[in-house]
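A.B. asks: sharing a sequence plus its predicted fold:
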Amino acid sequence: QVQLVESGGGLAQPGGSLRLSCAASGFRMANFAMGWFRQAPGKEREGVSCITSDNSTGYLDSVKGRFTISRDNVESRIYLQMNDLKVDDTAIYYCAPRFYCGVIARMLDGSFGSWGPGTQVTVSS
């Protein structure tokens, strides 16, 4: 059974940083791409970043140069380092496994249909 638990969210000021973590279990994470998604109030979920099993990465245009995705297959965790946060980054952030990354702007869902509780990121002065 796929289980995903996101953590690390919180309140940050514009220009600040947060590091999100996602603990994955119930499947062999090393064999899959992993994506970060977010859903802001009143908006649809969108893909933010993705990392393949061989560590190729992709980012939504609006976060390129500010966010960095990484993975630790030994710990079955992925991370999202978020720097220079903007008010528009406010959302609930989720992680999910993917069979592949593809175009991030069209990455709307995980491949297993499983979601964790998410972690709230609020960027406000």
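C.D. replies: Perfect, I can see it now. Numbers count the residues shown, from 1 in each chain.
A.B. asks: what count of nearby residues applies to residue 43?
C.D. replies: Neighbouring residues of residue 43 were enumerated by other C-beta atoms under 10 Å; the total is 9. The C-beta positions use only the backbone N, C-alpha and C, and glycine is treated the same way.
A.B. asks: where's the closest residue to it other than its chain neighbours relative to residue 33, distance?
C.D. replies: Once flanking residues are discounted, residue 43 sits nearest to residue 91: 7.8 Å by C-beta to C-beta, 6 or more residues apart in numbering. From residue 91 over to residue 33 the distance is 21 Å, taken as C-beta to C-beta, to the nearest Å.
A.B. asks: looking at these two, which one has more neighbours?
C.D. replies: Set residue 91 next to residue 33 and count neighbours by other C-beta under 10 Å: residue 33 wins out with 25 against 22.
A.B. asks: give the bridge partners for the more buried one, please.
C.D. replies: Counting by DSSP bridges, residue 33 is bridged to residue 98.
A.B. asks: got it, and residue 119?
C.D. replies: residue 93.
A.B. asks: am I right that residue 50 is in contact with residue 101?
C.D. replies: Yes. Assessed by C-beta atoms under 8 Å, residue 50 is found in contact with residue 101 at 3.7 Å.
A.B. asks: can you pull the contacts of the residue most central in space within the chain?
C.D. replies: In the chain, the C-alpha nearest the mean C-alpha coordinate belongs to residue 36, at 2.0 Å (C-alpha atoms, centre = their mean). Taking C-beta atoms under 8 Å, 6 or more residues apart in numbering, we find residue 36 in contact with 20, 22, 47-50, 69, 78, 80, 93-95.
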